[in-house]
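Asks: Dropping the sequence and predicted coords here.
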There are 2 protein chains.
Amino acid sequence: MGVTRTEIFTQEQNELAQMMKALAHPARIAIIQQLLKSQSCICGDLVDEIGLAQATISQHLRELKAVGIIKGTIEGTSVCYCIDEEVWKHYNKTFGSLFNSLPIVGKSCC
Amino acid sequence: MGVTRTEIFTQEQNELAQMMKALAHPARIAIIQQLLKSQSCICGDLVDEIGLAQATISQHLRELKAVGIIKGTIEGTSVCYCIDEEVWKHYNKTFGSLFNSLPIVGKSCC
DNA sequence: AATATTAATCGTAATATTACGATATATAAA
DNA sequence: TTTATATATCGTAATATTACGATTAATATT
């Protein structure tokens, strides 16, 4: 027990859930907001601005990287992170198609 | 260790993360999609359509109810669930404001 | 009243996530 | 080359999530 049964769901359902999960932590939201605001950001600055340990931020960055939403480039001894705009647009579109599928108002039973 | 440090984040960041988390499971996505499609749904039908145990579906329904995204009304011995349209719109708006805050393309560093 | 049906809750095992100190790695500076 | 700086990874403890059988609660049917 305890393991999510992805095999019984559609690819779309699993993908949507995975997208949501990637953003389902305030630290990762904070990272994304920072990158949206400043276009790019040195990893160390994120550690300073968000009050979590360096190892923890690094772990969250890895999760965001794993779903492709951010990418990082090495700049000397530091790493500059930014949002992958193509992936971000894909997220936006996918989320939009979920939310905009609510039909005409006032038909629900309860 | 192991407990999310919500106190160091803004209310907006925590709320966004909580919203995402509510939808961060394929079973809950499937439930929402079903409710979007059929306007309303008997709990038992969800159990049949999604291949998870009744107790598990009930648990997922409770999580969706906890964030207000769905509501249920008792109909005899069964319970009819549907999406709370006001809350759904709020989600749509909040997600939209996150995704649409990506500024002009082509400015990122990496 | 007795029985059937439906959904919620309880208990619990398996798994996943979160956080952080310690350590490793890799480049920069002295 | 030695030392400093920045980030990733390892190891691990605490906590949270997922799934399901068993039970409970509440209404419906007989």
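Replies: Sure thing, it's come through. Residues are numbered from 1 along each chain as shown, chains lettered A, B, ... in the order given.

Asks: can you tell if the longest helix anywhere in chain A touches chain B?
Replies: Secondary structure assigned by DSSP state H gives helix A:85-99 as the longest helix of chain A. Yes. Using Cβ under 8 Å from any Cβ of the partner chain, we find that helix A:85-99 touches chain B at A:Glu85, A:Trp88, A:Tyr91, A:Asn92, A:Phe95, A:Gly96, A:Leu98, A:Phe99. The C-beta positions use only the backbone N, C-alpha and C, and glycine is treated the same way.

Asks: nearest spatial neighbour of the third one, skipping sequence neighbours?
Replies: If I follow you right, that is A:Tyr91. Leaving aside its chain neighbours, A:Tyr91 sits nearest to A:Met19 (5.7 Å; criterion: Cβ to Cβ, 6 or more residues apart in numbering or on different chains).

Asks: Okay, and the one you found sits in which element?
Replies: Following DSSP states H and E, one finds A:Met19 within helix A:11-22.

Asks: Ok, A:Ala27 next?
Replies: Residue-wise, A:Ala27 maps onto helix A:26-38 under DSSP H and E.

Asks: Around DNA strand C, which positions in chain A sit nearby?
Replies: With Cβ under 7 Å from any atom of the strand as the criterion, chain A comes near DNA strand C at residues A:1-4, A:21, A:24-25, A:27, A:52-56, A:59-60, A:63, A:74, A:76-77.

Asks: Sort out which of these are in strands and list them.
Replies: A:Ile74 (DSSP state E).

Asks: What residues does A:His25 make contact with?
Replies: A:His60, B:Thr4, B:Ala17, B:Lys21 (Cβ atoms under 8 Å, 6 or more residues apart in numbering or on different chains).

Asks: so which of the residues you listed would you say is closest to B:Gln34?
Replies: Of all the contacts of A:His25, B:Gln34 sits closest to B:Lys21, with 19.8 Å by Cβ to Cβ.

Asks: Okay, whichever residue of chain A sits closest to DNA strand C and B:Asn14: tell me how far apart.
Replies: Residue nearest to DNA strand C within chain A: A:Gly2 (1.9 Å; Cβ to the nearest atom of the strand). As judged by Cβ to Cβ, to the nearest Å, A:Gly2 and B:Asn14 stand 26 Å apart.
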